[in-house]
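Engineer: need a 3D model of the sequence below.
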Amino acid sequence: MSDPTLETLASLPAAEGYTPNDRWQDFRKLFTTDEGKRALREILSWCHLLKPSIIGSPIDPYLMAIREGERNIGLRLLDTINKEPRLKPERTTRQKE
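Structural biologist: Just a heads-up that it's a prediction; the model follows:
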């Protein structure tokens, strides 16, 4: 019996040719709808962005590493959504002196 989730992941297209601008546009389109905003808020709550990564005494380094990993994913999502990539100029021109 196969897992439909794994089959879906396996059938996704490769990321070749997927530019930072494509990523930014896709994420903006996805997370600017009302449903997308609710989903993003839920995802970011899982990432513990506003909570400390250090928990307990004595400090558990494994739990701290897990929390930092979750936090990094949240920060990466926010960075991707909010930071429009610079477009490279198609050709350069020299200014006349």
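Engineer: who's in contact with residue 77?
Structural biologist: Neighbour list for residue 77: 27, 40, 43-44, 47 [criterion: CB atoms under 8 Å, 6 or more residues apart in numbering]. (C-beta placed from N, C-alpha, C; glycine too.)
Engineer: ok, and what's touching stretch 30-50?
Structural biologist: By CB under 8 Å, 6+ apart, the surrounding residues in contact with stretch 30-50 are 67, 70-71, 73-75, 77-78, 81.
Engineer: thinking again about what came up before, show me which of the contacts of residue 77 are buried.
Structural biologist: For the contacts of residue 77, a neighbour count by 16 or more other CB atoms under 10 Å gives the buried set as 27, 40, 44, 47.
Engineer: off-centre distance for the helix or strand hosting residue 74?
Structural biologist: Per DSSP states H and E: residue 74 is located in helix 61-82. Taking CA atoms, centre = their mean, to the nearest Å, one finds the center of helix 61-82 at 9 Å from the center of the full chain.
Engineer: that one: which residues count as buried?
Structural biologist: Buried-residue list, helix 61-82, by 16+ other CB under 10 Å: 67, 70-71, 74, 77-78, 80-81.
Engineer: also stretch 20-27?
Structural biologist: 24, 27.
Engineer: now, among the contacts of residue 77, which is nearest to residue 63?
Structural biologist: Nearest to residue 63 among these, counting by CB to CB, is residue 47 at 14.7 Å.
Engineer: skip the chain neighbours and tell me the closest residue to that closest one.
Structural biologist: Using CB to CB, 6 or more residues apart in numbering and skipping residues adjacent in sequence, the residue nearest residue 47 is residue 74, 2.9 Å away.
Engineer: what pLDDT does residue 89 get?
Structural biologist: Looking at residue 89, its pLDDT stands at 64.
Engineer: likewise residue 5?
Structural biologist: If you check residue 5, the pLDDT there is 82.
Engineer: return the distance of it relative to residue 20.
Structural biologist: 27 Å (CB to CB, to the nearest Å).
Engineer: follow-up on the earlier one: report the two of the buried ones among the contacts of residue 77 separated the most.
Structural biologist: 27 and 47, at 15.2 Å, using CB to CB across the buried ones among the contacts of residue 77.
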